[in-house]
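Dropping a prediction and its sequence here:
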Amino acid sequence: MLFSNAMAALCSVVASVLANYFLQDPLYSLYNDNPLEYGDLICFVGLSLLAIKCVFSEPLMPPRTKVTTREAQKERKAYLEPARLMIALLHQKRRKQLK
């Protein structure tokens, strides 16, 4: 599986380290002058982990099942059958009107 909650959590932590390195003073250093800036990073990681939990939760993403082509054809046929019957009835009605 390409996407998972563990990979997303790892990316969140890496993003916070990179944000500390590139965006916070002093630039290009993992050291922070102001200890309150570590709180920003912790909040960022916490919010991103919360978002990951929301996105990868079971009710939002039901497990995917493999569908064989025969099963898909049966489902499609069952789905379209009422429309086909309606069209056939309309054609019969039209033929009776033309006679």
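Happy to help now that I have it.

quick one: Ser29 and Tyr21 touch, right?
Yes - here Ser29 lies in contact with Tyr21, judged by Cβ atoms under 8 Å, at a distance of 7.1 Å. Glycine gets a C-beta too; all of them are placed from N, C-alpha and C.

can you list the domains in this structure?
Domain segmentation of the chain under automatic domain parsing yields 1-64, 65-99.

which of the ones you listed sits most buried?
Sort those by mean neighbour count, taking mean count of other Cβ atoms under 10 Å, and domain 1-64 sits at the top with a mean of 11.

what about Cys54, distance to Ser16?
Cys54 is 18 Å from Ser16, where distance means Cβ to Cβ, to the nearest Å.

I meant Leu47, not that one.
In this view, Leu47 and Ser16 are 10 Å apart by Cβ to Cβ.

what does Ala83 give?
To Ser16, Ala83 is 53 Å away according to Cβ to Cβ.

possible to save the domains of the chain as JSON lines with mean pLDDT?
Formatted as JSON lines, the domains of the chain follow (pLDDT from 0 to 100):
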{"stretch": "domain 1-64", "mean pLDDT": "82"}
{"stretch": "domain 65-99", "mean pLDDT": "82"}
